[in-house]
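J.: Just a sequence and a predicted model for now, questions to come.
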Amino acid sequence: MTKRRIYESICTLLLFALSSFIPAQAQTVEISGTVKDSATSAPLQNVSVYIKGSRGTRTDSAGNYTLTLRKAASYVEFSNVGYKTLRRSLNGNGSQTINVSLQASFNELSTVTVTNKKIKYSNKNNPAVELIRHVIENKPNNRIESYSTASFERYEKIMLSLDKISPKITNNKILKKYDFIFDNNDTTKFAGKSLTPVYLEEKLSQNYIRKDPDKSKTVILGEKRVDYGEFIDVQGVSNYLNRLYEDVEIYDNNISLLTNQFLSPIADMGPTFYMYFLGDTVEMGTDKLVKLYFSPRNANDLLFRGTMFITLDGRYAVQKINMIVSSRINLNFVRQLHVIQDYEKDPEGRYRISKSDVMADFGITKKGGGIYGERNVFYKKFVTNAPIPDSVFGGKAVVTVENAANQPDSFWISHYWPDTLTAAEAKVYANIDSLKNMRSFRRLLDWGTLLLAGYKSLGPVEIGPANTFYSFNPIEGLRLRFGGRSTTKLSKRYYFEAYGAYGFKDERWKYFLSSTYSINNKSIYAFPANYVRASFQRDTKIPGQELQFVQEDNFLLSFKRGNNDKWLYNDIFRLNYLHEFNSHISYNVGFKYWKQEPAGTISYVKMQNNTPKLLQDLTTSELSLELRWAPNERFYQTKLYRVPIVNKYPIFLLRYIAGVKGLFNGEYNYQNLFMHAEKRFYLSQLGYTDVTVEGAYIFGKLPFPLMTIHRANQTYAYQLISYNLMNFLEFVSDHHVTVYADHYFNGFIFNKIPLLKKLKLREVIAGKILYGGTRDENNPYKDPSLIKFPTTNGAIATYNLTNTPYLEGSVGITNIFKLIRLDVVKRFTYLDHPEIAKWGIRGRVKFDF
């Protein structure tokens, strides 16, 4: 062998040896493509694309993805909430393009349930619980409020659709002319559902947040909603829907939905009420995530079940969460409730919300037709930790630009996200606009208004309310009444109202006349009101009966317990100026002339020169000022009343009344200062408490008819802010404080009792306390010149309050047949008064979820 051959052989051996110490270059495989909806071909955002047990990524707003692999894999999976998971094989021949279409599956989340069997579960030494405690500990750092500043654009949409409309309805001869509504079906959203959109509202806003000092600002750039015309308060509908579908903030301890509070799965008390189970660990880009299952310990409680992805980068942030409620949950008319939230990574490596969907399926029965509602919120154009001028936060926290409600279609098209509106949803505005202009539809709503609200439209006037046309009482006997009022079709400035009534026993006519001038040229029933009203009323009244959302001569109130024989004939002239502001601050300046004549067993008798003197009537003239503040108040405007949509905010009222002697024959000088406050307190899983506090002090010397006659109730209906076992005119005072409190447990106790929890009953307790008194100068027992208290069957029937407060309480069951509340009411004090009820059963109809 030559030296050259020997040298080449040695070099070859050395190179072979060295190569064994050099790692082979890993082959990089890139998979890319687009994910679309199989039915609509719309691109799907935030779809998870991953190799099981390995790396993963998510699609962008155009449905595109790119997944880089550094080791061989046999298949890739595509999954998204509301869609069936899809698996595609890899050919192993390098980079490739895989385009897929996912099929919708509305019931996909039903597979979230870990198990329905009883299992041994403990928080102790549980890695899933340790993980959720890290998430809870880091909540303050993962909120959007943790940025020093943040600004973003937000689009929100609320949609209501009819689901599975019966052919009996669509083929009905009367409704056949509305086929263009029924034919606008959306079968693309969810498999097995045929949705007919009937309501849509949209809103686009620019939002600003500052951490220190804590400030926020929302500028509404555009808003629009369908309009059904004058028969439906669309603003009230919007208020109610926004109360049902509130913003879901997963980092809050409690989540308000459907007027109830659900405990968040990452609430501070989460480990007490939830069970947690670890799932797979996956990689999304450069981040490692762990899938965590959560399930309620008690399926009847207001809790969620579902999955969330949590980052393992030390921030322990939620990257995605999917939640539903148990089919056994103590909720009414809700067949399914589904919450989905997506979070995207910002340049700082933190996760912030990008999309929030809340979907609910409502129905009276478990199957069949119903109503499907959803609220979609999109976030984009985030700018964080950049200076925001102080001027941005000036003024109101929420402002609306001048032309927000009249933005052109081009404005909305330029701001839509890829999956904002489906083809069926986009037709809703035009369809409802056509519907409200149909004479037959307006006639249908007109008769529906008569049935539900008691008013029948006759062009520029409307007749009603129908439930007052007939009633009866011990003083008037049979009472017939007929009346009506003008509408905006007559004038938007001037409004008139009148009724006439006749009692066949007392053979006396009663009537009411009013005229109102609208200063802001808007309906006097619309918010904010600004008007002057003058009225005169000659009618009867029960002293001490104060009703909510129902008129005193309503037929159903004709039925009362005990002696209902204390009445007044009143002549009342009022002149009022009411001015409401958008801030929900209002003031009411008024004058009242009141001539009252006793009726029934009431008589006005006082001693004069040691001789009883019978007074035929009593006359007062009053000037008043009332201030009211109801922050964030929401309500639905009916034909007669504003029905409040209760939330967590308080309502305050302050009223000052001055009686002026000599003014229009007024007989007394006095001042009456009255205060009222009410609030709902939410206690998470323990339910909520409604509290009302009132107090009054009357200055001056005056007879008992002008003092506070405390609210009593002699009907069989449970009244919230009246004393349900107090007789009419039983107590009067010139100073008092009263507290009404009702606590609703929402089934917290009954949900744990095997037999009762299937009935979905709920518990309620209530207490009412009245403390007050009468100064000696206003006490007829101390001063015989004052009008004496009335009697019943020779016994005193009206009393001063002593040092002992009046106290009554009740224990009740609500949600009987999903509508009825029944209370056993007990009276605890002043039990020696004649002809009183010491206990009783009272009922109330209450619609609630």
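T.: Thanks, I have it.
J.: drop to CA atoms for contacts and neighbour counts, all remaining ones
T.: Will do.
J.: now the helices for the stretch 701-849 of the chain?
T.: 754-757 (DSSP state H, counting those that start in this stretch).
J.: swap in the chain?
T.: 3-19, 127-137, 139-142, 167-170, 179-182, 234-244, 270-273, 409-415, 423-426, 428-436, 439-453, 754-757 (DSSP state H).
J.: what's the burial count for I698?
T.: 23 (other C-alpha atoms under 10 Å).
J.: Give me the distance between it and E777.
T.: Separation of I698 from E777 (C-alpha to C-alpha, to the nearest Å): 12 Å.
J.: now swap in Y343 and tell me
T.: From Y343 to E777 the distance is 69 Å (C-alpha to C-alpha).
J.: So for the two, which sits in the more crowded spot?
T.: Neighbour totals were compared for Y343 and E777, and Y343 leads with 19 against 14 (other C-alpha under 10 Å).
J.: picking up where we left off before, which of the helices of the chain sits closest to R58?
T.: Proximity to R58 (C-alpha to C-alpha) singles out helix 139-142 among the helices of the chain, at 20.6 Å.
J.: and the closest one, how far from the chain's centre?
T.: Distance of helix 139-142 from the chain centroid (C-alpha atoms, centre = their mean, to the nearest Å) equals 27 Å.
J.: Any buried residues in that helix, and which?
T.: The neighbour-count check on helix 139-142 (16 or more other C-alpha atoms under 10 Å) flags 139, 142 as buried.
J.: CA atoms of it as PDB?
T.: The C-alpha trace of helix 139-142 is given here as PDB (Å, rounded to 0.1, in the frame of the first residue of the first chain):
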ATOM      1  CA  LYS A 139     -55.600  37.400  38.900                       C
ATOM      2  CA  PRO A 140     -54.700  41.000  39.700                       C
ATOM      3  CA  ASN A 141     -51.700  40.800  37.300                       C
ATOM      4  CA  ASN A 142     -53.800  39.300  34.400                       C
END
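J.: Contacts only, for T97.
T.: 31-33 (C-alpha atoms under 8 Å, 6 or more residues apart in numbering).
J.: Same check on S523?
T.: S523 sits in contact with 488, 492-493, 529, where contact means C-alpha under 8 Å, 6+ apart.
J.: biggest separation within these, which pair?
T.: Counting by C-alpha to C-alpha, the most remote pair of the contacts of S523 is T488 and A529, 14.1 Å apart.
J.: between those two, which one's more packed in?
T.: Using other C-alpha under 10 Å as the criterion, T488 and A529 rank with A529 on top: 20 against 17.
J.: Roughly how far does the closest residue to that one other than its chain neighbours sit from N520?
T.: Nearest residue to A529, sequence neighbours excluded (C-alpha to C-alpha, 6 or more residues apart in numbering): E580, at 5.3 Å. Counting by C-alpha to C-alpha, the separation of E580 from N520 is 11 Å.
J.: got it, and S624?
T.: 23 Å.
J.: Looking at these two, which is more packed in?
T.: Per other C-alpha under 10 Å, whichever of S624 and N520 has more neighbours is S624, with 18 against 14.
J.: who's the more buried one bridged to?
T.: S624 has the following beta-bridge partners by DSSP bridges: G590, I657.
J.: Over to the one 5 residues further on?
T.: Here W629 shows beta-bridge partners I585, F652, assigned using DSSP bridges.
J.: Can you get me a residue count around it?
T.: Neighbour tally, W629, other C-alpha under 10 Å: 19.
J.: Wait, it touches N582, no?
T.: No. Here W629 does not reach N582: they are 10.8 Å apart, not a contact under C-alpha atoms under 8 Å.
J.: Give me the helix or strand of the chain that scores worst on average pLDDT.
T.: Taking mean pLDDT, DSSP states H and E as the measure, helix 3-19 is the helix or strand of the chain with the lowest mean score, a mean of 40.
J.: CSV for the helices of the chain, including distance to G767?
T.: Shown next, in CSV, are the helices of the chain (distance: least, C-alpha to C-alpha, whole Å):
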stretch, distance to G767
helix 3-19, 87
helix 127-137, 37
helix 139-142, 38
helix 167-170, 47
helix 179-182, 50
helix 234-244, 28
helix 270-273, 29
helix 409-415, 52
helix 423-426, 48
helix 428-436, 47
helix 439-453, 32
helix 754-757, 24
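J.: Of all those, which one is nearest N91?
T.: Using C-alpha to C-alpha, the helices of the chain put helix 3-19 closest to N91, at 29.6 Å.
J.: Give me the pLDDT value at the residue nearest to F789 when sequence neighbours are not counted.
T.: Of all residues not flanking F789 in the chain, T798 sits nearest, at 5.7 Å (C-alpha to C-alpha, 6+ apart). Looking at T798, its pLDDT stands at 91.
J.: tally of neighbours for T798?
T.: By other C-alpha under 10 Å, neighbour count at T798 equals 20.
J.: Would you quantify the distance from it to I602?
T.: 10 Å.
J.: what sits in contact with each of the two?
T.: With C-alpha under 8 Å, 6+ apart as the test, T798 and I602 both reach 790-791.
J.: does Y569 have beta-bridge partners, and which?
T.: Here Y569, judged by DSSP bridges, has bridge partners T540, E597.
J.: unless I'm mixing things up, it is touching I542, no?
T.: No. Y569 is not in contact with I542 according to C-alpha under 8 Å; the separation is 9.2 Å.
J.: shared neighbours of E580 and N520, which are they?
T.: Between them, E580 and N520 share the contacting residues 529-530, judged by C-alpha under 8 Å, 6+ apart.
J.: between the helices of the chain, which gets nearest to Q45?
T.: helix 409-415 (16.7 Å).
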